[in-house]
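Peer 1: Need coordinates for the below:
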Amino acid sequence: MALKKLTFADAVKFSKKLKIRSYFANPFYLYHNCLQDEKNGEVLIFEAIKIDDTYPLIFLPKNPKNFTNQIISTGFEEDIALIEKTHKLKSKEVLGLEYYYSTSEWIKLEGAKFSDIRKNINKFKKEHDVKLLSDYPEEKILEFLDNWAAEKRKKDVKELTKSVFEQELKESTENLRLIEKYNHKKIFVEEKGELIGFTIFIHLSDNLWVGLMQKTIKGIRGLPQYLYHLKAKEIGGDAVLTTGAEA
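Peer 2: Below you'll find the model as predicted:
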């Protein structure tokens, strides 16, 4: 198996071709985390980290010959049904559920389930006089990320958690440059001339958007929720936002 790393142009092309409604189909995830191969006339996308000494396919291929004796890392119920038409499914495990949000709900913030979120956002808006911007100097964003990372590194966590964090930070830094090659939206929150949080999000397909990156200063209550609310308003109603899996 001659697996090759994807270029960002490859990742964009495959993301559009996949048309899969998942965070993991976004080109930034594919670029950083996947490898490609071609078999039986189909381009296959594999996760770059092995499971049981095997590179798992990130999504179910179209050709049944290409998922025989394979591990598939991201799947939907309809994928399982399709597999079972021609194959025996050895096992399935839930490693993490993907989060999807209704932009209409996050714009309105109505009902009991948003009660605490409304309180946190209102508290934030009452206590902070902020300025909202659609762009920000790259050097100041990188400085913010350095400070954000330094605060995170103070935590006493397992080595695996540290490794995952450092990889995510590396990807975030690189994405700041890659993002200019892809249609996106950004919101920056500034208070007294200082950046206190930002979010970057992209349109994947149809009414599906991906929350690519969100970072906030530690301890500012209500700011993360406020950014989700602003993000939903910027996207507009009747859309769906995914932010990836819990694990």
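
Peer 1: A strand includes Ile196, no?
Peer 2: Yes - counting by DSSP: H, G, I helix; E, B strand; the rest coil, Ile196 is part of a strand.

Peer 1: Just confirm it contacts Gly219, I think it does.
Peer 2: No - between Ile196 and Gly219 there is no contact under C-beta atoms under 8 Å: 10.4 Å. Just so you know, the C-beta spots here come from the backbone N, C-alpha and C atoms, and that holds for glycine as well.

Peer 1: who has more neighbours, those two?
Peer 2: More crowded of Ile196 and Gly219, by other C-beta atoms under 10 Å: Ile196, with 17 against 7.

Peer 1: Skipping adjacent residues, who's closest to that one in space?
Peer 2: Nearest residue to Ile196, sequence neighbours excluded (C-beta to C-beta, 6 or more residues apart in numbering): Ile217, at 4.8 Å.

Peer 1: Which residues are in contact with that neighbour?
Peer 2: Taking C-beta atoms under 8 Å, 6 or more residues apart in numbering as the criterion, Ile217 is in contact with Trp148, Ile196, Gly197, Leu223.

Peer 1: Let me have the residues you listed in TSV, extended by pLDDT and distance to Pro56.
Peer 2: What follows is those, written out as TSV (pLDDT from 0 to 100; distance: C-beta to C-beta, whole Å):
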residue	pLDDT	distance to Pro56
Trp148	94	31
Ile196	98	39
Gly197	98	34
Leu223	98	36
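
Peer 1: Dump those into CSV; add distance to Val164 as well.
Peer 2: What follows is the contacts of Ile217, written out as CSV (distance: C-beta to C-beta, whole Å):
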residue, distance to Val164
Trp148, 16
Ile196, 25
Gly197, 22
Leu223, 23
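
Peer 1: between those, which is nearest Phe188?
Peer 2: Checking those against Phe188 by C-beta to C-beta gives Gly197 as the nearest, at 7.7 Å.

Peer 1: If that closest one is in a bridge, with which residues?
Peer 2: Val189, Thr216 (DSSP bridges).

Peer 1: In contact with it, which residues?
Peer 2: Phe188, Val189, Gln214, Lys215, Thr216, Ile217, Ile220, Leu223, Pro224, Leu227.

Peer 1: from these, which single one is nearest Tyr100?
Peer 2: Nearest to Tyr100 among the contacts of Gly197 is Gln214, at 15.7 Å by C-beta to C-beta.

Peer 1: Does the closest one touch Pro224 like I think?
Peer 2: Yes - at 7.0 Å, Gln214 and Pro224 qualify as touching, with contact defined as C-beta under 8 Å.

Peer 1: Val193: how many residues sit nearby?
Peer 2: Let me fix one detail, which is that residue 193 is Gly and not Val. For Gly193, the tally of surrounding residues (other C-beta under 10 Å) stands at 6.
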